[in-house]
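J.: A structural model of the following input is requested.
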Amino acid sequence: MAAFRYKSLDSDGKVVKGIIEGDSARQIRAKLRGKNLRPLEVVAVASRTKEGGNTNRLALWRPSLSAGELALLTRQLATLVASALPLDECLSAVSEQSRKPSTKGMLLQVRSKVAEGHSLATALGQFPRAFGDMYRAMVNAGEQAGQLAPVLEQLAEFTETRQQTAQKLQMAMIYPVVLLGVAIAVVTALMVFVVPELVAIFSHTQKELPTLTRGLIATSDFLRESGWMLLVALAAVLLSFRQLMKSAQWKKRWHQFLLSIPGLRWLFVSLDTARFSSTLSILMASGVPLLDALRISGAVMSNLVLREASRAVSLAVQEGSSLHRALGQSDIFPPMMVHMVASGETSGDLDTMLARSATNQERELEMTLGTAMGLFEPLMVVTMGGLVLLIVMAILLPIFDLNTMVR
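T.: Below you'll find the model as predicted:
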């Protein structure tokens, strides 16, 4: 069976849209007529028919899921699979719970593939953007071992933890970003609207104004007359940067530059190595072979330089080296992580030690970011106060010497 998107009219003449399963478009039309609906359009959700134009097919052709949607979907599927329901019924039930038509259509296509006799991992492979390599590898390992429900539970925990971590970082950044935006807006408004009115009283004087005042006036005139040019230049720089980042070579250079900055290096290394450790841990706990787990774990790292280092680790392990020695040969991975991996290899509990390493790194990273955000807020207040003080001083200096200027 396949999933079809339909558009029909009910008895009141209202347009009704939805997604339904069937063997053919003709069968779908018969089902709709049986529900007292007059079909207007029936299209397979994965097809790209020539007639009818673009009926929202692009979104369904390459669908993706947010971290929250993937976590919810995985949790629901894990619960249903654990209750011993047939897999196709589980997928059908999860699709009915989805509110987004694109997600519902995607799940129905997965169900159709499973009903045809394919494995769940193979069916999920139709949508690589929604279900990544790690997700599919874990599902495949769970199916091979007959432990699909526990593996889905692990996946649900992993996706939910990742979503919560991302939400914490986003929430921590909201106030500083708003504060920075307000500071820029206030200073710009002072320079463009307030300063010109205040310094106009000095325009008739013949005496040279203080350097600070002249600099303030020049800055104000530039923002009023050429501020749009500054905005255009900034927009051009941003667009050019985005175009350059589409090139792997320039992107790698940019990532190398970020890693050359002492404070940022620790931040990016901690983020990516924690992601690497947690992914490798959950893959190994699910029974994925080490080399495949290393390949997938390296692919989740966002920094290209760190990703190359992970490929070197995978190659060293493939040639017979132990994992902790391969990690230690690179100066990228934290020493604590290397020591914990060595301990895990010795005790035969590598996946647990990797999970602990990831937890420790994430906890340390969260504490450091919290401290940095706590320092950033008063720093922004002090900076904004300093800028306002400079503006006030630039205006008051000529006033203090007003009698001299008048003479």
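J.: Can you pull out the low-pLDDT segments for the stretch 301-407 of the chain?
T.: Where the stretch 301-407 of the chain drops to pLDDT under 70, the residues are 401-407.
J.: mind redoing it with 50?
T.: Along the stretch 301-407 of the chain, the model assigns pLDDT under 50 to residues 405.
J.: Which helix or which strand is home to Arg99?
T.: If you go by DSSP states H and E, Arg99 is not part of any helix or strand.
J.: so how far is Met353 from it?
T.: Applying C-beta to C-beta, to the nearest Å, the value for Arg99 to Met353 is 40 Å. (Glycine included, C-beta is placed from N, CA and C.)
J.: more neighbours, these two?
T.: Met353 (22 against 7; other C-beta atoms under 10 Å).
J.: Spit out the contact partners of Leu32.
T.: By C-beta atoms under 8 Å, 6 or more residues apart in numbering, the residues touching Leu32 are Tyr6, Ser8, Ile20, Arg38, Pro39, Val42.
J.: Run a quick neighbour tally on the fourth one.
T.: Burial of Arg38, expressed as a neighbour count using other C-beta under 10 Å, amounts to 13.
J.: Repeat that for the fifth one.
T.: Summarising burial for Pro39: neighbours were counted as other C-beta under 10 Å, giving 17.
J.: The stretch 251-400 of the chain: helices as residue ranges?
T.: Using DSSP state H, counting those that start in this stretch, the helices of the stretch 251-400 of the chain run over 262-285, 290-299, 304-318, 323-328, 335-347, 350-400.
J.: any chance of those in TSV, with distance to Pro128 too?
T.: Output for the helices of the stretch 251-400 of the chain, formatted as TSV (distance: least, C-beta to C-beta, whole Å):
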stretch	distance to Pro128
helix 262-285	16
helix 290-299	12
helix 304-318	18
helix 323-328	27
helix 335-347	29
helix 350-400	24
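J.: Nearest to Gly146, out of those?
T.: Of all those, it is helix 262-285 that lies closest to Gly146, at 15.6 Å by C-beta to C-beta.
J.: Kindly provide the whole-number mean pLDDT of whichever strand or helix holds Arg242.
T.: Secondary structure from DSSP H and E places Arg242 in helix 211-244. For helix 211-244, the mean pLDDT works out to 85.
J.: Could you pull out the buried residues of it?
T.: Leu212, Thr213, Leu216, Ile217, Ser220, Leu223 (16 or more other C-beta atoms under 10 Å).
J.: Can you pull the domain assignment for this structure?
T.: 2-61, 67-160, 173-407 (automatic domain parsing).
J.: returning to what we had before: output the contacts of Leu32 as JSON lines; include the columns secondary structure and pLDDT.
T.: Formatted as JSON lines, the contacts of Leu32 follow (DSSP: H, G, I helix; E, B strand; the rest coil; pLDDT from 0 to 100):
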{"residue": "Tyr6", "secondary structure": "strand", "pLDDT": "77"}
{"residue": "Ser8", "secondary structure": "strand", "pLDDT": "80"}
{"residue": "Ile20", "secondary structure": "strand", "pLDDT": "71"}
{"residue": "Arg38", "secondary structure": "strand", "pLDDT": "76"}
{"residue": "Pro39", "secondary structure": "strand", "pLDDT": "79"}
{"residue": "Val42", "secondary structure": "strand", "pLDDT": "78"}
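J.: between the residues you listed, which is nearest Gln144?
T.: Of all those, Ile20 has the smallest distance to Gln144: 32.9 Å, by C-beta to C-beta.
J.: burial of the closest one, as a residue count?
T.: Counted by other C-beta under 10 Å, the residues lying close to Ile20 total 17.
J.: Surely it touches Phe4?
T.: Yes. Using C-beta atoms under 8 Å, Ile20 makes contact with Phe4 at a distance of 5.9 Å.
J.: residues shared between the contacts of those two?
T.: Ile28.
J.: separation between Leu40 and Gly13?
T.: According to C-beta to C-beta, Leu40 stands 12 Å off from Gly13.
J.: and the two most separated of the buried residues of helix 211-244?
T.: Leu212 and Leu223 (16.7 Å).
J.: Next, the angle helix 350-400 makes with the helix holding Arg242.
T.: Between helix 211-244 and helix 350-400, the angle comes out at 150 degrees (axes from the mean of the first three to the mean of the last three C-alpha atoms, to 10 degrees).
J.: how far does helix 211-244 sit from the chain's center?
T.: Distance of helix 211-244 from the chain centroid (C-alpha atoms, centre = their mean, to the nearest Å) equals 31 Å.
J.: Which strands and helices lie in contact with that helix?
T.: helix 195-199, helix 248-259, helix 350-400 (3 or more C-beta pairs under 8 Å, 6 or more residues apart in numbering; DSSP states H and E).
J.: rewinding a little: Leu40 and Gly13: who's more crowded?
T.: Neighbour tally, Leu40 and Gly13, criterion other C-beta under 10 Å: the higher count belongs to Leu40, 13 against 7.
J.: Where does that one sit: helix, strand or coil?
T.: Here Leu40 is strand, with the state taken from DSSP: H, G, I helix; E, B strand; the rest coil.
J.: That one is in contact with Lys7, isn't it?
T.: Yes. Counting by C-beta under 8 Å, Leu40 touches Lys7, with 4.7 Å between them.
J.: quick one, what contacts Ala67?
T.: Residues in contact with Ala67 (C-beta under 8 Å, 6+ apart) are Thr159, Arg162, Gln163, Ala166.
J.: That one and Ala123, how far apart?
T.: Between Ala67 and Ala123 the distance is 21 Å, computed by C-beta to C-beta.
J.: Strands along the stretch 51-200 of the chain, start to end?
T.: Remark: no strands are assigned in the stretch 51-200 of the chain by DSSP state E, counting those that start in this stretch.
J.: Show me the shaky parts of it.
T.: The low-confidence ranges in the stretch 51-200 of the chain, as defined by pLDDT under 50, are 51-61.
J.: all helices for it, in order.
T.: Using DSSP H, counting those that start in this stretch, the helices of the stretch 51-200 of the chain run over 57-61, 67-82, 87-97, 101-115, 120-124, 133-145, 148-189, 195-199.
J.: Would you reformat these as CSV and include distance to Met229?
T.: Formatted as CSV, these follow (distance: least, C-beta to C-beta, whole Å):
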stretch, distance to Met229
helix 57-61, 37
helix 67-82, 40
helix 87-97, 53
helix 101-115, 42
helix 120-124, 51
helix 133-145, 46
helix 148-189, 15
helix 195-199, 18
